[in-house]
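Q: Predicted model follows, preceded by the sequence.
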Amino acid sequence: MLGERIRKLRKQKKMTLEELAGKSLTKGMLSLIENNKANPSIESLHYIAERLGVEVSDLLEEISLQELRKTLEKAEELYNFENLCETENQLIKTEQDKEIIDLIKPYIANLTQGYESARLLDIYSRCLYNEKIEGWQKFSGQAAEIYDQMNLTSKRASISVFLATEKFIEHHYEEALTIFLNDRAKIEAKHVYIDPKTRLDLDYYEAILYFAVGDSESATQVMDSAIAFSKENRIFYLIDDLYRLAAAQAMMGKNKEKKIHYLLKLKQYGEFADDTNSILFYHFMMIESLISEKHEYTEAIEKIDQCLTDPSMTETFKHYFNLEKGKALYRLARYKEALHCLEKIEIPPFIHHPFDLSHFFIMDTYKALCHLELEKVDEAFQFAEIAYNHFYQLPSTPFKDFAIETFEAIKKTRLAEE
C-alpha cells in the first residue's frame, strides 16, 4: 500500500513525521496518508517524493527503484565474489548461490521492467541453474526480453552464451551450437547496432562451438574474421583466447606453419601483457611439438621440469605438463616412471571442450601402452577401453584416431593370449 511504502522510506531515511511533513503538509495529514486513511493529491505526492529523495514512481510501485538498486548491488557483490572463488571450491559457490536466491526470490513477481529487474532475473536464473533447480530457463527468458526491450546487447549476448554453455558442459555440442546460432540470429534481428566488443564475444563462442562439433572450416572462417576485426577495431581483450584457439585448431589440423605463427603471436602478447596463461600455453604447445613432431623426448622432459618448478605455474597447467612428461617417459621406455607421472593427473572439473578433453583422455591410452610393455595385458586392455569409450562421442582428432588404433591393437593382443 502507498502509505506503508511512504512510512517505510521515511524510517529508512530516519526522518520523523514532522521532518517529512515540512511546511507543505501537516503532521496529522501525513499520519493519515501513512495509515492509508487519506490519499495524497498529485502535488502532495510529488512533494513527499522530493522530501524522501525518490521518484514518484517509487512511491506508486510496490517495490521502489531504490530498493531494487540496493538489492541488485548486494546480489552483484555476492555474485562477483562467487566468480572470484576458485572454480574447484564448490562449497563456497553453493553457499553464495543459496544466499543470492534467498535475496532475490521475494522480488521475483515484481521484476517486470528496467535494468535492475533484468539483471536480477539474469543472476537469479544462473544461481538456480548452478543449484540444479528447475525453472531457471523461465527467468533467463524474462531477463532476455527486458534486455531486448532496452537494447542492452552485451547483456543479451551473455544470455546466449549461458544457454549454449548449459548444453556444452553436458557435452551436447551439436545442441549447444544450434541454440547459440538461433539465439544469435534473434539478437541480430532485434538489435540494430551490435557494439564491437559484443560482436567479438559472439564470434569467439561461435568459433569454439564450431570447433567442438568438428566443423573446422566454419570455425576457421569465424575465428579468422574475429582476429581481423579485433585488430581493425583495436579491441584486444579476447586476442589471447583467439590465438590459443587458432593454435589449437592448427595443431589438430596438423598445420605446423599456422600453429607456430599463432603461438609466436600468443607469446608476444603474453610477454607484453605479462599474462601467465598465455606464456604457459605457449610452452605447453612447444613441448607437445618436441614430443609429437621432433621426438626430442629428453629435451621435452627437461623443459617440463623447468616449467613445473616455475612459481607462476598454475594447478591446472600442472596436469597438462605432467601429461606431456608421462608421454615423453613412455617414449623413452621408462614405463614405470611414466605410469607414476600419469597417475598424478586429474581432469579439472571445468574442462569441457573436446580439444582439452582429448588431451586428457589420451592419458588412459598411454597408461594402457605402459602396462602392455610391462606385460600386464589385462590392465592394458582396461585402460585402452576406458580411453576408447571416452573418445567415442568426441569429434575426429589425431588423439581419437590414436586411442582407437591402440585399443584395437591391444584387443587383438589380448585375444591372441586367450
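A: Noted; the coordinates are in hand.
Q: Distance from the helix or strand hosting Asp183 to the middle of the chain?
A: In the assignment (DSSP states H and E), Asp183 maps to helix 173-190. Going by Cα atoms, centre = their mean, to the nearest Å, the spacing between the C-alpha centre of helix 173-190 and its chain's C-alpha centre is 17 Å.
Q: do stretch 294-309 as well
A: Relative to the chain's own centre, stretch 294-309 is displaced by 31 Å; criterion: Cα atoms, centre = their mean.
Q: In PDB, list the C-alpha atoms belonging to it.
A: Provided in PDB are the C-alpha atoms of stretch 294-309 (Å, rounded to 0.1, in the frame of the first residue of the first chain):
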ATOM      1  CA  LYS A 294      60.500 -33.800 -33.300                       C
ATOM      2  CA  HIS A 295      60.700 -36.800 -30.900                       C
ATOM      3  CA  GLU A 296      63.100 -34.900 -28.600                       C
ATOM      4  CA  TYR A 297      61.900 -36.600 -25.500                       C
ATOM      5  CA  THR A 298      64.800 -35.900 -23.200                       C
ATOM      6  CA  GLU A 299      64.700 -32.200 -24.100                       C
ATOM      7  CA  ALA A 300      61.000 -32.100 -23.600                       C
ATOM      8  CA  ILE A 301      61.300 -33.600 -20.000                       C
ATOM      9  CA  GLU A 302      64.000 -31.000 -19.100                       C
ATOM     10  CA  LYS A 303      61.700 -28.200 -20.300                       C
ATOM     11  CA  ILE A 304      58.700 -29.700 -18.500                       C
ATOM     12  CA  ASP A 305      60.700 -29.900 -15.200                       C
ATOM     13  CA  GLN A 306      61.800 -26.300 -15.600                       C
ATOM     14  CA  CYS A 307      58.200 -25.200 -16.100                       C
ATOM     15  CA  LEU A 308      56.900 -27.300 -13.200                       C
ATOM     16  CA  THR A 309      59.300 -25.600 -10.800                       C
END
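Q: what is the mean pLDDT for the helix holding Asp183?
A: For helix 173-190, the mean per-residue pLDDT is 96.
Q: Quick one: residues in contact with it.
A: With contact meaning Cβ atoms under 8 Å, 6 or more residues apart in numbering, helix 173-190 is reached by 148, 153, 156-157, 159-161, 163-168, 194, 202, 205-206, 209-210, 212-213, 354, 395. Glycine gets a C-beta too; all of them are placed from N, C-alpha and C.
Q: And the host helix or strand of Leu415, what's buried?
A: Element membership of Leu415, judged by DSSP H and E, is helix 398-417. Residues 399-400, 402-404, 406-407, 410, 414 are the ones in helix 398-417 that count as buried (16 or more other Cβ atoms under 10 Å).
Q: What is the neighbour count of His371?
A: When neighbours are defined as other Cβ atoms under 10 Å, His371 has 21 of them.
Q: Just want the angle from the strand or helix carrying it to helix 398-417.
A: Applying DSSP H and E as the criterion places His371 in helix 354-373. Helix 354-373 and helix 398-417 meet at an angle of 30 degrees, taking axes from the mean of the first three to the mean of the last three Cα atoms, to 10 degrees as the criterion.
Q: list the helices and strands the helix or strand immediately after helix 354-373 in the chain packs on?
A: Using DSSP H and E, the helix or strand that follows helix 354-373 in sequence is helix 377-391. Contacts defined by 3 or more Cβ pairs under 8 Å, 6 or more residues apart in numbering; DSSP states H and E place helix 377-391 against helix 354-373, helix 398-417.
Q: how about TSV for those, with mean pLDDT and distance to Glu95 added?
A: Below are those laid out as TSV (pLDDT from 0 to 100; distance: least, Cβ to Cβ, whole Å):
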stretch	mean pLDDT	distance to Glu95
helix 354-373	95	28
helix 398-417	92	38
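Q: Next, format these as TSV and append distance to Leu128.
A: Formatted as TSV, the helices and strands packed on helix 377-391 follow (distance: least, Cβ to Cβ, whole Å):
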stretch	distance to Leu128
helix 354-373	27
helix 398-417	36
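Q: And these: which comes nearest Glu99?
A: helix 354-373 (31.4 Å; Cβ to Cβ).
Q: Spatially nearest residue to Arg7 (excluding sequence neighbours)?
A: Leaving aside its sequence neighbours, Arg7 sits nearest to Glu34 (Cβ to Cβ, 6 or more residues apart in numbering; 4.4 Å).
Q: list the contacts for the one you found?
A: With Cβ under 8 Å, 6+ apart, Glu34 has these contacts: 3-4, 6-7, 10, 17.
Q: other SSEs contacting whichever strand or helix holds Cys341?
A: Using DSSP H and E, Cys341 sits within helix 335-342. Under the contact criterion of 3+ Cβ pairs under 8 Å, 6+ apart, helix 335-342 touches helix 315-331, helix 354-373.
Q: Contacts made by stretch 405-418 with the rest, please.
A: 365, 368-369, 372, 377-378, 380-381, 384-385, 387-388.
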